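# Got a predicted model here, sequence first, then my questions.
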Amino acid sequence: MSHPALPELSALERIIDDGAQHLEARIMRTVVLRSGQPLPIYAITLGNPAPELPAIGIFGGIHGLERIGANVAIAYLHYLAMRLQWDATLHRQLDTLRLVFMPLVNPGGMLLGTRANPNGVDLMRNAPLESSERVPLMIGGQRISPRLPWYRGSQGDAMEIENQAVSEAVADELLGRQFSLAVDCHSGFGLSDRIWFPYAHTRTPFCHLAEIHALKEVFFRTHLHHPYIFEPQSRQYLAHGDLWDYLHQRACGTPGRIFLPLTLEMGSWQWIKKNPRQLLSRNGMFNPLIAHRQQRVLRRHVSLLDFLSRATCSAHKWLPQGAARAEHHAQAVAHWYA
């Protein structure tokens, strides 16, 4: 089906059709706009479903204005779907790995051109999780009105259906495994591309700090030239209702399991710096508007997602144990929390 007003959904459904032999797609929820138009929220899986194997989830489009996040996730899914038609090495890799994609979590917000979903709720402020520390006014989440940004939803309401869809997919595909990783693709913060890890609701280090530090070291040793800053999100700001904080805390309920949720925060200010006219467009504040810049962004971050998939598949090779884990934890505290 073609969706002229939402080309990302059209592109996703083409990939699902073209890769039907290798991909499994299900509609987790359906968003119905006030006009009556239904928009599906897809989860696409590939690889070995055996629960003892590691898994990675790729998410995008949680904020409707940040189309580049959905585009990066869709580009990586397309890359894998095309390789599955000819690449025997990828088939062997997928024998030992599970992947789940939700590239378009907030199709209603994307169609309407809003950060929030069609109900006016910011999905990254909507989880049932409160910060016990002081959060910045408004940006940390507010319950005043859906007409204002960063609206959390009404106190006591269930999570929005988009977040229910993500939570269900994460519970089904990631949290039951000994090791899993998630990458949520966003844009709009600063001049640098950042990889954020929990927590957003507190400055207290999270329990898998050693594993994150080990992953960072593997990435830095492998990629000598890269644009990324690894850091806890709390170094930038605190917020109520962060979805990935909430899901990580759910995962911590089972000892011995490791779930590492990452946020790729693409620095959109670099695109504005190169083309200040982008400030005249809401879309331009969060996305590269010139074609060659968009292509460059997709190439760069698809490479990152491919590295993280390989790192997930080979986690047993780099996850620290015993004294090495204690050393990674100490180095991480000194580096990020001194």
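Looks like it came in fine.

# rest of the way, CA atoms for contacts and neighbours
OK.

# Of all the helices and strands in the protein, which has the lowest average confidence?
Using mean pLDDT, DSSP states H and E, the weakest-scoring helix or strand in the chain turns out to be helix 269-274, at a mean of 89.

# Could I get the buried residue list for it?
The neighbour-count check on helix 269-274 (16 or more other Cα atoms under 10 Å) flags Trp269, Gln270, Trp271, Ile272 as buried.

# Distance of the residue positioned nearest the centre of the chain relative to His208?
The centroid of the chain falls nearest to Asp184 when counting by Cα atoms, centre = their mean (0.6 Å). Applying Cα to Cα, to the nearest Å, the value for Asp184 to His208 is 18 Å.

# Just confirm Thr263 is within a helix.
No - read with DSSP: H, G, I helix; E, B strand; the rest coil, Thr263 is strand and lies in no helix.

# Can you check the pLDDT for it?
pLDDT for Thr263: 98.

# List the residues that contact it.
Counting by Cα atoms under 8 Å, 6 or more residues apart in numbering, Thr263 makes contact with Val183, Asp184, Cys185, His186, Arg194, Ile195, Trp196, Phe197.

# would you turn the residues you listed into CSV with pLDDT?
Shown next, in CSV, are these (pLDDT from 0 to 100):
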residue, pLDDT
Val183, 98
Asp184, 98
Cys185, 98
His186, 97
Arg194, 97
Ile195, 98
Trp196, 98
Phe197, 98
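
# Ser35 versus Met28, what's the distance?
Taking Cα to Cα, one finds Met28 at 21 Å from Ser35.

# Those two: who's more crowded?
Set Met28 next to Ser35 and count neighbours by other Cα atoms under 10 Å: Met28 wins out with 19 against 6.

# Confirm that that one sits in a helix.
No - read with three-state DSSP, Met28 is strand and lies in no helix.

# Please determine how far it is located from Ala158.
For Met28, the distance to Ala158 - Cα to Cα - is 16 Å.

# so which helix or strand takes in Ser303?
helix 291-313 (DSSP states H and E).

# which element follows that helix toward the C-terminus?
By DSSP H and E, the next helix or strand past helix 291-313 is helix 315-318.

# any idea which helix or strand comes after that next one?
Following helix 315-318 toward the C-terminus (DSSP H and E): helix 322-336.

# ok, and the closest non-adjacent residue to Pro261?
Leaving aside its chain neighbours, Pro261 sits nearest to Ala182 (4.6 Å; criterion: Cα to Cα, 6 or more residues apart in numbering).

# does that neighbour count as helix, strand or coil?
strand.

# Kindly report the same for Ile212.
Strictly by three-state DSSP, Ile212 counts as helix.

# which SSE is the residue nearest to it when sequence neighbours are not counted in?
Nearest in space to Ile212, with sequence neighbours left out and distances taken as Cα to Cα, 6+ apart, is Leu260 at 7.4 Å. Secondary structure assignment for Leu260, by DSSP H and E: strand 258-266.

# Note down every partner strand of that strand and its orientation.
Using DSSP bridges, strand 258-266 pairs in its sheet with strand 179-187 (parallel), strand 193-197 (antiparallel).

# Quick one, which of those strands gets closest to Ile62.
strand 179-187 (7.8 Å; Cα to Cα).

# before we move on, the earlier item: how far off centre is the strand holding Leu260?
Here strand 258-266 is found 6 Å from its chain centre; the criterion is Cα atoms, centre = their mean, to the nearest Å.

# related to what we said a few turns ago, quick one: residues contacting the residue nearest to the centre of the chain.
Ile58, Phe59, Gly60, Gly69, Pro261, Leu262, Thr263, Leu264.

# top of those by neighbour count?
Using other Cα under 10 Å as the neighbour test, the contacts of Asp184 are led by Gly69, with 29 neighbours.

# burial count for the residue nearest to Pro261?
Here the count is done by other Cα under 10 Å, and Ala182 has 24 residues near it.

# Correct me if wrong: it contacts His248.
No - Ala182 lies out of contact with His248 (Cα atoms under 8 Å); the separation is 10.2 Å.

# Which neighbours do those two have in common?
Phe259, Leu260, Pro261.

# Among the residues you listed, which one lies nearest to Ile44?
So of the shared contacts of Ala182 and His248, ranked by how close each gets to Ile44 (Cα to Cα), first place is Pro261, at 18.3 Å.

# Which residues are in contact with the closest one?
Leu181, Ala182, Val183, Asp184, Phe197, Pro198, Trp244, His248.

# Number of residues surrounding the third one?
Val183 has 23 neighbouring residues, counting by other Cα under 10 Å.

# beta partners of it?
With DSSP bridges as the criterion, Val183 is bridged to Ile58, Leu262.

# Let me know whether it touches Phe259 as I believe.
No - between Val183 and Phe259 there is no contact under Cα under 8 Å: 11.1 Å.

# host element of Tyr42?
For Tyr42, the element it lies in under DSSP H and E is strand 38-47.

# packing partners for that strand?
With contacts defined as 3 or more Cα pairs under 8 Å, 6 or more residues apart in numbering; DSSP states H and E, the packing partners of strand 38-47 are strand 24-32, strand 98-102, helix 107-112, helix 161-173.

# Flag every buried residue along it.
Leu39, Pro40, Ile41, Tyr42, Ala43, Ile44, Thr45, Leu46, Gly47.

# Cool, thanks, talk later.
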